[in-house]
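A.B. asks: generate a structure from the sequence data that follows.
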Amino acid sequence: MLKFFRKIRQNLLMGNKTGKAAWPVGKYLKYAIGEIVLVVIGILIALGVNNWNEERIGRNQEKKILKDLYQEFDAAAIELQADLTARERYLRAAKALQHHHLTNEPLNLPGDSIKSFMRDLLSTRFYSTAHPILDDLSASGGLELIQSDSIRLVLGIYLEERNRYTSVEEREGSFTYEQIVPFFSKAFNLSYIENDLMGSQEFEQKLMDMRANNQFGSLIQFRINRVTIARNYGDRVMTVIQSVLSHLEKELNIR
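C.D. replies: Sure, this is the predicted structure:
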């Protein structure tokens, strides 16, 4: 491109050489102006090419980030669904035990179900999906690489909801391990249950013996409350995850 402009300038100068009114000072002035114009044009073209190249690189980098985020949140949705499914089991076990406590109706658990029932009654879960891409972008300010305002917004909402959910899970876990597990460990030999050595009749009898303990009913009620709160917060996080995936699918043209 510069050679093209330079050739035009030289042709103009050659034309001036043949003109009768051509002055040496005017010739050199035109030559200097031509050089300046060529330099300016060259700089502008170089800047334009450089800006275009940087924009292309930035766009490719953004697309890779969005793809990586999509994979992260797709895995997060699977992990969180496992959490929510487990908490539904925890609630069913706690509510069944509460119903037994309040009505004196037998649980009627078969012997091979006692272990799984007690696991659901005494277990907890923690949403532990790793987000290396999102956490790194958040810590380094790299979220600005994402041009979509709506994606940046929903990612910020997710980070806030995830932190709240983590706090709720920690409180639920502390209550379970510090209150529920010690209480039932005194009433049951959990190793005995874990190895399927307790029959239904013995299990029911031990539950009957616990009826007179007021702490029994209170702990079951608190267990229900804690699990319900954690499940509700988990539902909120899942809603945000689905929103993130929807925005990413739209941006990446994923059908």
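
A.B. asks: quick one, helices of the stretch 1-150 of the chain?
C.D. replies: Assigned by DSSP state H, counting those that start in this stretch, the stretch 1-150 of the chain shows helices spanning 2-18, 24-103, 114-122, 132-140, 149-175.

A.B. asks: for the ones you listed, which has the smallest mean pLDDT value?
C.D. replies: Here these differ in mean pLDDT, and the lowest is helix 2-18 at a mean of 53.

A.B. asks: pick out the residue nearest the middle of this structure.
C.D. replies: Ranked by distance to the mean C-alpha position of the chain (Cα atoms, centre = their mean), the top residue is residue 73 at 5.0 Å.

A.B. asks: for it, give me its contacts.
C.D. replies: Contact partners of residue 73, counting by Cβ atoms under 8 Å, 6 or more residues apart in numbering, are 241, 244-245, 248. Using the backbone N, CA and C atoms, a C-beta is placed for each residue, glycine as well.

A.B. asks: where's it relative to residue 248, distance?
C.D. replies: Residue 73 is 7 Å from residue 248, where distance means Cβ to Cβ, to the nearest Å.

A.B. asks: need phi/psi at the closest residue to residue 70 other than its chain neighbours.
C.D. replies: Computed as Cβ to Cβ, 6 or more residues apart in numbering, the closest residue to residue 70 that is not its neighbour in sequence is residue 248, at 4.6 Å. Residue 248 adopts backbone torsions of phi -70, psi -40, taken as degrees, to the nearest 10.

A.B. asks: cool, and residue 125?
C.D. replies: The phi/psi pair for residue 125 (degrees, to the nearest 10) is phi -140, psi 160.

A.B. asks: any idea how many residues pack against it?
C.D. replies: 20 (other Cβ atoms under 10 Å).

A.B. asks: isn't it up against residue 84?
C.D. replies: No: at 9.2 Å, residue 125 does not count as touching residue 84 under the criterion of Cβ atoms under 8 Å.

A.B. asks: one step back: per-residue confidence for the residue nearest to residue 70?
C.D. replies: For residue 248, the predicted pLDDT is 96.

A.B. asks: distance of it from residue 139?
C.D. replies: In terms of Cβ to Cβ, residue 248 sits 20 Å off from residue 139.

A.B. asks: same thing with residue 118?
C.D. replies: Applying Cβ to Cβ to residue 118 and residue 139 gives a distance of 41 Å.

A.B. asks: same question, residue 154
C.D. replies: 18 Å.

A.B. asks: the two - which one has more neighbours?
C.D. replies: residue 154 (18 against 9).
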